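Peer 1: attaching a predicted model along with its sequence, questions to come.
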Amino acid sequence: AALGRMCTIMKKHAASLAYLEQVRQHMSRLPSIDPNTRTILVCGYPNVGKSSFMNKVTRADVEVQPYAFTTKSIYVGHT
């Protein structure tokens, strides 16, 4: 009886559990930033050289193209 009840509960919450798994996978791909390390945030208008700057001063390998909005995600570079 208990096993049947557990199966019913799992089926009832399957959609929520699937969503939580998607969130977990997405969060595992995000870069981790140590809050105790000095951090510089580089931000600005599109196509002004932020990615080129990151490639020059860090070990990041950010794609650089001669058009706006080439970089579509967060990049973390370390010196």
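Peer 2: Cool, got the structure.

Peer 1: what pLDDT is listed against the most centrally placed residue in the chain?
Peer 2: Of all residues in the chain, the one closest to the mean position by C-alpha atoms, centre = their mean is residue 30, 2.7 Å from it. If you check residue 30, the pLDDT there is 79.

Peer 1: I'd say residue 55 and residue 63 touch.
Peer 2: No: contact status for residue 55 versus residue 63: not in contact, 9.3 Å apart, counting by C-beta atoms under 8 Å. All C-beta atoms are positioned from the backbone trio N, CA, C, and that covers glycine.

Peer 1: give me every residue that touches residue 70.
Peer 2: 51, 63, 64 (C-beta atoms under 8 Å, 6 or more residues apart in numbering).

Peer 1: is the closest residue to residue 61 other than its chain neighbours within a helix or a strand, and which one?
Peer 2: In space, residue 61 comes closest to residue 55 once its chain neighbours are excluded; the distance is 7.0 Å by C-beta to C-beta, 6 or more residues apart in numbering. Following DSSP states H and E, one finds residue 55 within helix 50-57.

Peer 1: so what secondary structure elements neighbour the lengthiest helix in the chain?
Peer 2: In the chain, assigned by DSSP state H, the helix with the most residues is helix 14-29. Contact partners of helix 14-29 among helices and strands, from 3 or more C-beta pairs under 8 Å, 6 or more residues apart in numbering; DSSP states H and E: none.
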